[in-house]
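Participant: okay, structure incoming, though there's no sequence with it:
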C-alpha cells in the first residue's frame, strides 16, 4: 500500500480529488444498491416484475445515456457534468429512501442512472486530460480507489440497515452531496477546446466511423461479459455448491482486496515489459483462462467440494486479468479520441460495454441452463474461455497492425487527407 500512496501523492490535486471522488461514488452506490431489491420487495411491497422494472430502468437510463453524457462533457466541460451527476444521484438516492410509491421509485431509478451517465465519462475524460503522459499510472491508482469503494460500501450499508433502509439511502445521498460540494470548491474547470464545433451528429458519425476505435471496442466487449460473471454465474456456482451468501460475499472481498493491494504493482510490472496492446491482450487471455478450473471440475465430474476452490481460483485469475488490462485500456481510449472528443469516446465505449454485458448475461445464463439439462456442464466455461482468448487475439492483432497507436493513426489520417 505504501507504493500506492506514494503514487497517489505524485499526482496534482485535481487528479487526487478525482480518484478520491471515485471511491466516494462507489462507496455510496454499494452502500445502497445491494439491498435495494430486498427493500423494494419487503419494504415497498412491490411485485417481482415491478422490482425488475425499477432495477432495469436504472441500468437502462445509465447505459443508454452514456454517449449523451460524454458528448455533453466535451461541449459543456468535464467539471459541470461531474457535479451535475453527483447532485442528481444525491436526489435519486434520497428519493429511494423517502418513498414507496412506484411512480416516484421509477423517477428515482431514472435519475440515479442518468447521473452515472453524466459523471462517469466526464470523470474519466478529465482524469485522462489532466494526467497527460501518465494516464496509465493515473488510471491504475483510480482503480485502487474504485475497488476500495466497492469493498467498504456493502459493509457500511449492512451496518446502517439496523437503523432502517431510509438511513442507508440518506447516508448514501449525503456522500454524493459532499462530493458535489468538494468538486465545486476544489476541482479546477478544464477548458473545452476553443473554436467552432461541428454538429453533434457529425461528431457521433466520426466516433462510430473510427474503424480502429470501434474494432477495439468490439474486441473488448468480451472482457466486460467475462468480468460480469463475478455477479452472475460465479455466485450461482457458489450457491449450487452450498457456499451460501457468505461464499458469494467472500468472492467480492477477494476481488476488491486484490485490486487494492495489487493494482499499482501489477501496472508497473506490465509497463516495464509490454506495450499497451500486449498488456491488454494478455489481461484478456488471463480472463479467459480463469474459467478453465471450473471447466476441469465439471468435465472430470469432481465432487461439489471441489467447486468452491475452483470458483476462488477463477475469481483470482479473472481479477488479475482485469487489473492487467484496465489502466492501459482507459489510456488507449483517451489517446484514440484526440483532444476534442474524449468524453464522447468514453461515452460510446461505455454504451458498447453495456451491450456486451447484456448479451453476455443472456448467453452465459442460457448456456448454463442448457448445459445442466444436457449434462455438458463444462461447455459454458469452455465457451467463456474461448471468448476471452478470441478477444485477446483481436486486440493483439490491432496492436501489431499499430491500429492502437495514436502516432500511426494520425499518419493514416494525414495520408487520407492528402
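Facilitator: The structure has been received and is ready for your questions. Here the structure is a predicted model, which means the values were calculated and not measured. Numbering: from 1, shown residues only.
Participant: list the buried residues for the longest helix seen in the chain?
Facilitator: Scanning the chain for the helix with the most residues, using DSSP state H, yields helix 342-374. Across helix 342-374, burial judged by 16 or more other Cβ atoms under 10 Å covers 342-358, 360-361, 364, 367-368, 371. For the C-beta atoms, the positions are set from N, CA and C on the backbone; glycine is no exception.
Participant: show me what it is packed against.
Facilitator: Judged by 3 or more Cβ pairs under 8 Å, 6 or more residues apart in numbering; DSSP states H and E, helix 342-374 is in contact with helix 48-63, helix 66-76, helix 102-131, helix 200-208, helix 211-227, helix 233-240, helix 307-337, helix 379-400.
Participant: and with 6 Å instead?
Facilitator: Packing partners of helix 342-374 (3 or more Cβ pairs under 6 Å, 6 or more residues apart in numbering; DSSP states H and E): helix 66-76, helix 102-131, helix 200-208, helix 211-227, helix 307-337, helix 379-400.
Participant: the longest one - what's its average pLDDT?
Facilitator: In this model, helix 307-337 carries a mean pLDDT of 95.
Participant: chain center to it, what's the gap?
Facilitator: Chain-centre distance of helix 307-337: 11 Å, with Cα atoms, centre = their mean, to the nearest Å.
Participant: could you give the angle of that helix to helix 102-131?
Facilitator: Going by axes from the mean of the first three to the mean of the last three Cα atoms, to 10 degrees, helix 307-337 is angled at 60 degrees with respect to helix 102-131.
Participant: for helix 307-337, buried residues please.
Facilitator: The neighbour-count check on helix 307-337 (16+ other Cβ under 10 Å) flags 307-308, 310-312, 314-337 as buried.
Participant: now the third one
Facilitator: Applying a neighbour-count criterion of 16+ other Cβ under 10 Å, the buried positions in helix 200-208 are 203, 204, 206, 207.
Participant: show me how the chain divides into domains.
Facilitator: For the chain, the domain assignment from automatic domain parsing gives the residue ranges 1-189, 200-401.
Participant: so which of the buried residues of helix 200-208 comes closest to residue 131?
Facilitator: residue 207 (21.6 Å; Cβ to Cβ).
Participant: which secondary structure elements does the helix or strand harbouring residue 266 sit against?
Facilitator: Using DSSP states H and E, residue 266 sits within helix 244-273. Applying 3+ Cβ pairs under 6 Å, 6+ apart, one finds that helix 244-273 makes contact with helix 2-9, helix 135-160, helix 233-240, helix 307-337.
Participant: what angle do that helix and helix 307-337 make?
Facilitator: For helix 244-273 against helix 307-337, the angle by the same axes, to 10 degrees is 40 degrees.
Participant: what about residue 147, how many residues nearby?
Facilitator: Close neighbours of residue 147, defined as other Cβ atoms under 10 Å, add up to 25.
Participant: hang on, it packs against residue 262?
Facilitator: No. In this structure residue 147 lies outside contact range of residue 262 using Cβ atoms under 6 Å: 9.8 Å.
Participant: what's the angle between the longest helix of the chain and helix 233-240?
Facilitator: Using the same axes, to 10 degrees: helix 342-374 against helix 233-240 is 40 degrees.
Participant: quick one: mean pLDDT for helix 342-374?
Facilitator: Rounded mean pLDDT across helix 342-374 is 85.
Participant: got the angle for it vs helix 200-208?
Facilitator: Between helix 342-374 and helix 200-208, the angle comes out at 60 degrees (the same axes, to 10 degrees).
Participant: re earlier: packing partners of the following helix or strand past the helix holding residue 266?
Facilitator: Using DSSP H and E, the helix or strand that follows helix 244-273 in sequence is helix 276-289. Contacts defined by 3+ Cβ pairs under 6 Å, 6+ apart place helix 276-289 against helix 307-337, helix 379-400.
Participant: right, so of those, which gets closest to residue 16?
Facilitator: Closest approach to residue 16 among those is made by helix 307-337 (16.5 Å; Cβ to Cβ).
Participant: what packs against the closest one?
Facilitator: Checked by 3+ Cβ pairs under 6 Å, 6+ apart, helix 307-337 has helix 135-160, helix 233-240, helix 244-273, helix 276-289, helix 292-299, helix 342-374 packed alongside it.
Participant: at 7 Å instead, please
Facilitator: Packing partners of helix 307-337 (3 or more Cβ pairs under 7 Å, 6 or more residues apart in numbering; DSSP states H and E): helix 135-160, helix 211-227, helix 233-240, helix 244-273, helix 276-289, helix 292-299, helix 342-374, helix 406-417.
Participant: check contacts around residue 54.
Facilitator: By Cβ atoms under 7 Å, 6 or more residues apart in numbering, residue 54 lies in contact with 40, 105, 106, 109.
Participant: and those residues, which is the shakiest by pLDDT?
Facilitator: residue 40 (89).
Participant: circling back to that earlier point, how far off helix 276-289 does the helix holding residue 266 point, in degrees?
Facilitator: Angular relation of helix 244-273 and helix 276-289 on a 0 to 180 degree scale: 150 degrees, by the same axes, to 10 degrees.
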